[in-house]
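Chemist: need coordinates for the following:
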Amino acid sequence: MKPNKIVILIILGLTMGGCYPEARVIWSPDGELAAVLGDDGLHLCDPQGKLSELLIENAQQASWYPDSKELCVVSKEYIDNWADVDRILTDEQRKMVQAESDSLLQEILAFKGNWDKFEPSREYKAGLLPLWIYLREKHGKELKAKMTKDEWKKLQSRLPVYRIQKVYLEKNAPPRIQLILETFMEVQRFRISPNGSIIALILEEGKLFVLSPKGKLRPVASRTSFFPDWSPDGQKLVYCKSRSDNGDDVQLGSITSRRICNEDGTVLEKFGKPKEMAGVMFHETARVRCPAHRKLHSGIPVVGDQRHVRPLGTRKSGFQLGLLHGHLGSRRSVCRANISNAGRVAQPEKASPGQEIPCHACDRVVFDPER
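Modeler: Take a look at the predicted model:
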């Protein structure tokens, strides 16, 4: 597939600063089973409504593989002992904990006052929770001597761990569950490639990774929105990326594609160079989708009355821009506006939410990415 043939849908269907609700019932592509995320975890359900026993506790996200025979599930657990933490850490992280533990221990032993107000004098790259669990088990007697029983009890912290598991479903056989990855980084969203071989993961702070079937993580981009997508041929990832590192509410961004896989679905040894396809206003809830049809759709966050996007490069056909009524922090509704072949932004007339409306061409743009 040529780069200019990738078709993208970008939707922002949530309010700025709001929560991100999960789908609780996810049907398989063939419609034979549904994954049900209950309060206790993952169940399966057939079309007649028969619910299975609990398969995975504390499951938070689920998505089907294209063949409808496998299911990817993200669950969240808590651990509070060093043996479990040590098992998940990489060699580099483990060395960092051991290297920084003495410094934090000396700070704790030297501290006098209310432990609720204790703050380390510097940033610890290993993370305070892994360090504290390590010190709690290795130097428990020294630390207990510094605190009252109530203070010690308050500091019995637990560390969240996210597990990515694959559920194999076969007729007349119980489901088989395989652990793919355990990580301390929050799994914000994930997207399975069209052939089911690779998973795109969005981890904490919008860090985009790809996960191989053997559980190997490789970074793709940082400061991305929660909802990337694969090109229909499964070779490229398309995502909305911020152009700013300061975390401001109003940020310039771009729709970017990057080649990840070969034609046979195997991961490239070296990823392709990121290619910007359009300039947009960035928000973490921007949802990118690559449908099989050839009309390009996009939706961008509204900043006041500005509703702009500029396509990069030459396109043979026009596309649509989903515009969001309202201002930052307000509830939004979506209307449609056409973008001309020349790349000029179309400004919609007033319309009720969801109504198809005529548009007038204008030449205002957010920014010129080539400057």
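Chemist: Ile198 touches Gly265, doesn't it?
Modeler: Yes - using Cβ atoms under 8 Å, Ile198 makes contact with Gly265 at a distance of 7.4 Å. The C-beta positions use only the backbone N, C-alpha and C, and glycine is treated the same way.
Chemist: ok, now how distant is Glu53 from Gly41?
Modeler: Plainly put, Glu53 is 10 Å away from Gly41 if you go by Cβ to Cβ, to the nearest Å.
Chemist: cool, and Tyr78?
Modeler: Counting by Cβ to Cβ - Tyr78 and Gly41 are separated by 14 Å.
Chemist: of those two, who's got more company?
Modeler: Each of Tyr78 and Gly41 has its neighbours counted (other Cβ atoms under 10 Å); Gly41 has more, 16 against 11.
Chemist: Ile198 and Gly265: which is more packed in?
Modeler: Taking neighbours as other Cβ under 10 Å, Ile198 and Gly265 compare with Ile198 leading, 22 against 15.
Chemist: out of everything not next to it in sequence, what's closest to the more buried one?
Modeler: Among residues not flanking Ile198 along the chain, Val210 sits closest, at 5.4 Å (Cβ to Cβ, 6 or more residues apart in numbering).
Chemist: before we move on, the earlier item: what touches both of Ile198 and Gly265?
Modeler: Gly234 (Cβ atoms under 8 Å, 6 or more residues apart in numbering).
Chemist: Asp150: what secondary structure?
Modeler: helix (DSSP: H, G, I helix; E, B strand; the rest coil).
Chemist: quick one: the residue nearest to Arg158 when sequence neighbours are not counted from Asn114, how far?
Modeler: Of all residues not flanking Arg158 in the chain, Tyr78 sits nearest, at 4.0 Å (Cβ to Cβ, 6+ apart). According to Cβ to Cβ, Tyr78 stands 26 Å off from Asn114.
Chemist: list the buried residues of stretch 91-99.
Modeler: Across stretch 91-99, burial judged by 16 or more other Cβ atoms under 10 Å covers 93-94, 96-97.
Chemist: and which of these is nearest to Ser157?
Modeler: Val97 (14.5 Å; Cβ to Cβ).
Chemist: look up how far Gly49 lies from the closest one.
Modeler: Distance, Val97 to Gly49, by Cβ to Cβ: 48 Å.
Chemist: show me the contacts for Leu37.
Modeler: Per Cβ under 8 Å, 6+ apart, neighbours of Leu37: 22-26, 59-62.
Chemist: I figured Val210 hits Ala200, correct?
Modeler: Yes - counting by Cβ under 8 Å, Val210 touches Ala200, with 5.7 Å between them.
Chemist: elements contacting the longest helix that the chain contains?
Modeler: If you go by DSSP state H, the chain has its longest helix at helix 91-110. With contacts taken as 3 or more Cβ pairs under 8 Å, 6 or more residues apart in numbering; DSSP states H and E, helix 91-110 sits against helix 128-138, helix 140-145.
Chemist: which residue of the chain lies farthest from its centroid?
Modeler: Most distant from the centre of the chain: Ala145, at 42.5 Å, with distances by Cα atoms, centre = their mean.
Chemist: how much space separates that one from Tyr134?
Modeler: Distance of Ala145 to Tyr134, computed by Cβ to Cβ: 18 Å.
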